[in-house]
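S.K.: sequence first, then the predicted structure:
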Amino acid sequence: MSMVTERPVSTAAGSPARANGTSGSTAPGGWGSVLRAYVMLTKPRIVEQLLITTVPPMMLAARGLPSLWLIAVVLLGGSLAAGAASVINCYIDRDIDQVMRRTKRRPLPSHTVSPRNALVFGLVLAAVSTALMATFTNWPATLLTLGSIAYYDLVYTLWLKRTTTQNTFWGGICGATPVLIGWVAVTGTLSPAAWALFAVVFCWQMPHFYALAIKYSADYARANIPMLPVVASVRRVNTEILLFSWLTVLASLAAWPLAAGVGLIYAVPAGTVGAIFLVEAHLLARRASRGEAVRPMRLFHWSTTYLTILFVAAAVDALV
Ligand code: HEM
Ligand SMILES: CC(C)=CCC/C(C)=C/CC/C(C)=C/COP(=O)(O)OP(=O)(O)O
């Protein structure tokens, strides 16, 4: 992947201004809406999906059900950590989020929460999650959790997202670490099966996100963010979607022989939903390359369903 931008990003609106640092902290709708705004800052849908990639690896690592206490701690610590990472991302990205239509109703651009309060909230969540993981899991899991928050906010959000078309690729590392966190919390080490599942989530993020970025490419252009579909040719985006969709499915199938005791309860759904995933990716790429109207959100929505079915199948297989 090249570090250079293939085509200049539209600068119609110029760089987003870091202008919203003086908003008030009180929401007009009372405590209910304030509470809701703080929850929204944590990007709860993404947190939920991250947990779906954390707990099944714990079951594969334990070859059955790990202690319910450990599951509860990792669920809570993982939710708080992913929430912290997202809140701090919302704080750093408040200038971008107010320019993009998709994000301008978020709590910071809509001035429901002040930037300072959001930052304090994010840092408190990060501290509590780290303390929880350090007290009740092990050092590898704790360091991976803390490292993921730092990587997402400092490496991806603050730096790569704004500067390179490779942002999604490198950002994908912290999106896939919950698999490793779950596994290492149980065994203290990482096995080839853990890395195969890490590869699944890592590769999956490219079709997941490029589909969305195709739909919102005008938004990203307005905010001057060099997401691949904004700056690269349709051919290049298609190549990456197809390459990473195939790698996702291949990695998911590689996990079958690599994970001890995993059988057809995992392999059959993995093959089935993998085939549908590939069909959706090829349909999108074919329509785009022919210059026909595309429906990228079909692949985007299917991507989350795919990942859920795959990881639930892994959990069920580990349990029976
Ligand atoms: C490079 C990595 C990733 C990028 C750039 C990315 C980007 C995005 C964006 C921009 C959205 C839309 C959020 C909104 O509605 O405002 C989204 C939604 C979502 N993402 Fe990702 N994402 C990435 C990785 C992940 C990972 C690792 C997971 C979980 C395993 C995940 C799960 C989700 C879910 C569940 C949604 C909501 C889908 C829905 O509302 O139907 N994403 N993602
Ligand atoms: C365990 C742990 C702490 C994990 C944290 C990792 C995490 C929250 C990953 C999400 C992946 C990601 C790059 C999302 C896109 O953010 P974006 O800023 O591009 O999305 P946006 O445009 O919707 O704000």
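M.R.: The structure has been received and is ready for your questions. Ligands and ions are numbered 1, 2, ... in the order given.

S.K.: how about whichever strand or helix holds residue 39, does it reach ligand 1?
M.R.: Per DSSP states H and E, residue 39 falls inside helix 31-41. No: contact between helix 31-41 and ligand 1 is absent, the nearest approach being 9.8 Å (criterion: C-beta under 6 Å from any ligand atom). Every residue, glycine included, has its C-beta placed from N, CA and C.

S.K.: same for that helix, what does it pack against?
M.R.: helix 68-92, helix 115-136 (3 or more C-beta pairs under 8 Å, 6 or more residues apart in numbering; DSSP states H and E).

S.K.: to ligand 1, which of those helices lies closest?
M.R.: Proximity to ligand 1 (C-beta to the nearest ligand atom) singles out helix 68-92 among those, at 8.7 Å.

S.K.: centre of the chain to the following helix or strand past the closest one, how far?
M.R.: Per DSSP H and E, the first helix or strand lying C-terminal to helix 68-92 is helix 94-97. Put simply, helix 94-97 sits 18 Å off its chain's centre (C-alpha atoms, centre = their mean, to the nearest Å).

S.K.: okay, now the unreliable bits of the stretch 201-320 of the chain?
M.R.: Within the stretch 201-320 of the chain, no stretch has pLDDT under 70.

S.K.: can you list the domains in the chain?
M.R.: Segmentation of the chain into domains, based on automatic domain parsing, reads 35-188, 191-320.

S.K.: any part of the shortest one near ligand 1?
M.R.: Yes: where contact is defined by C-beta under 6 Å from any ligand atom, part of domain 191-320 touches ligand 1, namely 201, 205, 208, 209, 212, 301, 304, 307.

S.K.: now, these that are in strands?
M.R.: Secondary structure from DSSP state E places none of those in strands.

S.K.: need the residues you listed in a markdown table (columns: neighbour count).
M.R.: Output for the residues of domain 191-320 next to ligand 1, formatted as a markdown table (neighbours: other C-beta atoms under 10 Å):
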| residue | neighbour count |
| --- | --- |
| 201 | 26 |
| 205 | 20 |
| 208 | 27 |
| 209 | 23 |
| 212 | 20 |
| 301 | 14 |
| 304 | 16 |
| 307 | 22 |
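
S.K.: circling back to that earlier point, let me have the domains of the chain in TSV, extended by distance to ligand 2.
M.R.: What follows is the domains of the chain, written out as TSV (distance: least, C-beta to the nearest ligand atom, whole Å):
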stretch	distance to ligand 2
domain 35-188	4
domain 191-320	7
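
S.K.: next one: residue 163 from residue 202, what distance?
M.R.: 21 Å (C-beta to C-beta, to the nearest Å).

S.K.: of those two, which one has the most company?
M.R.: residue 202 (22 against 13; other C-beta atoms under 10 Å).

S.K.: so residue 112: helix, strand or coil?
M.R.: On the three-state scheme (DSSP: H, G, I helix; E, B strand; the rest coil), residue 112 is labelled coil.

S.K.: can you tell me the closest non-neighbouring residue to it?
M.R.: residue 37 (4.1 Å; C-beta to C-beta, 6 or more residues apart in numbering).

S.K.: lovely, talk soon.
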